[in-house]
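Visitor: dropping the sequence and predicted coords here.
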Amino acid sequence: MDLNSDLGEGFGAWKMGDDDAMLDVVTSANVACGFHAGDPSVMRRVCERAAERGVVIGAHVAYRDLAGFGRRAMDVAPADLADDVLYQIGALDAFARAAGTRVRYVKPHGALYNTASVDPEQAAAVVEGIRRFFPALALLCPPDSEMAEQAEKAGFPAYAEAFADRAYTPEGLLVSRKLPGAVLHDADEVTMRAVAMATTGKVIADDGSELTLQPHSLCVHGDTPGAVELARRIRAGLSASGVHIGPFLEAA
């Protein structure tokens, strides 16, 4: 099972999370590309340290929304969104290559992730931006989502992601962060959910029903309180349950 986290989300003097500590735990790093967070120096530093640890680098593309941290819904024309996605991947790949590696996959962030999961036009625009950069680049997205469907149509790989520390609706969508209980903080509960998803492919939704997700990767957020310790607990719990920890893509 792969463990991924959203990293490089500082900007200038503003710090977010502990990237170095998280890079010692995760196997894939979704690195902000400057649209919702991150700046050139942050991108360079995270790429260098990920490369040193053999952590696979992914482009964490977003709507152009620094003030809202990429979590505000935006009405972006599909052609413009495809260009924005291409721009962000290219920027991060420059830093990844300078560090001796390259961008191996793309994972949308925040509002773009949520919208492109259900909106065919936004999903197709994300996929088109990826295709223009490199058609064989992988997409990390929710299982059975519009993004996964559009990637399949375009003929390149989509890998299923699930969230260890987020609540799910019965429809398999993430509970909105505006609602109580959307982000889970109890380490024991989150670890149990992670182990269940890794070993059975299933998780309990917020109404008590059972969802089948079959993820290739589990995300642990790096911007929540106690994120590093929680990630360590999850990794330890998976290892104790006999789950092999490794990137969903081979490191390059």
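Guide: Structure's in. What do you need?

Visitor: what pLDDT, on average, does stretch 98-116 get?
Guide: Mean pLDDT, computed over stretch 98-116, is 97.

Visitor: that stretch: which residues count as buried?
Guide: The neighbour-count check on stretch 98-116 (16 or more other Cβ atoms under 10 Å) flags 99, 101-116 as buried. In short, each C-beta sits where N, CA and C put it, glycine included.

Visitor: then stretch 116-129?
Guide: Buried-residue list, stretch 116-129, by 16+ other Cβ under 10 Å: 116, 117, 119, 122, 123, 124, 125, 126, 127, 128, 129.

Visitor: ok, residues contacting the lengthiest helix in the chain?
Guide: As assigned by DSSP state H, the longest helix anywhere in the chain is helix 78-98. Here helix 78-98 makes contact (Cβ atoms under 8 Å, 6 or more residues apart in numbering) with 31, 33-35, 40, 43-44, 47, 51, 57, 59, 61-64, 76, 102-103, 106, 121-122, 124-126, 128-130, 132-133, 137.

Visitor: in helices only, show me those residues.
Guide: Checked against DSSP H, the contacts of helix 78-98 include these in helices: 40, 43-44, 47, 51, 121-122, 124-126, 128-130, 132-133.

Visitor: taking these together, which two end up most distant?
Guide: Greatest spacing in the ones in helices among the contacts of helix 78-98, by Cβ to Cβ: 51 and 121 (35.3 Å).

Visitor: now the strands for this structure?
Guide: 2-7, 28-32, 56-60, 103-106, 138-141, 158-163, 202-204, 210-212, 217-219 (DSSP state E).

Visitor: what's around residue 77, how many residues?
Guide: Using other Cβ atoms under 10 Å, the number of residues around residue 77 comes to 10.

Visitor: kindly report the same for residue 185.
Guide: 12.

Visitor: make 106 the first number, not 1, from now on.
Guide: Sure, I'll start counting at 106 from here, so that last one is residue 290.

Visitor: with adjacent residues omitted, what lies nearest to residue 340?
Guide: The shortest distance from residue 340 to any non-neighbouring residue, by Cβ to Cβ, 6 or more residues apart in numbering, is to residue 130 (5.5 Å).

Visitor: could you check how far that neighbour is from residue 158?
Guide: 10 Å (Cβ to Cβ, to the nearest Å).

Visitor: compare these two (neighbour count), which wins?
Guide: residue 130 (23 against 14).

Visitor: is it true that that one touches residue 112?
Guide: No - applying Cβ atoms under 8 Å as the test, residue 130 and residue 112 come out as separate, 10.9 Å apart.

Visitor: between the strands of the chain, which one is nearest to residue 299?
Guide: Comparing these under Cβ to Cβ, the one sitting nearest is strand 322-324, at 5.6 Å.
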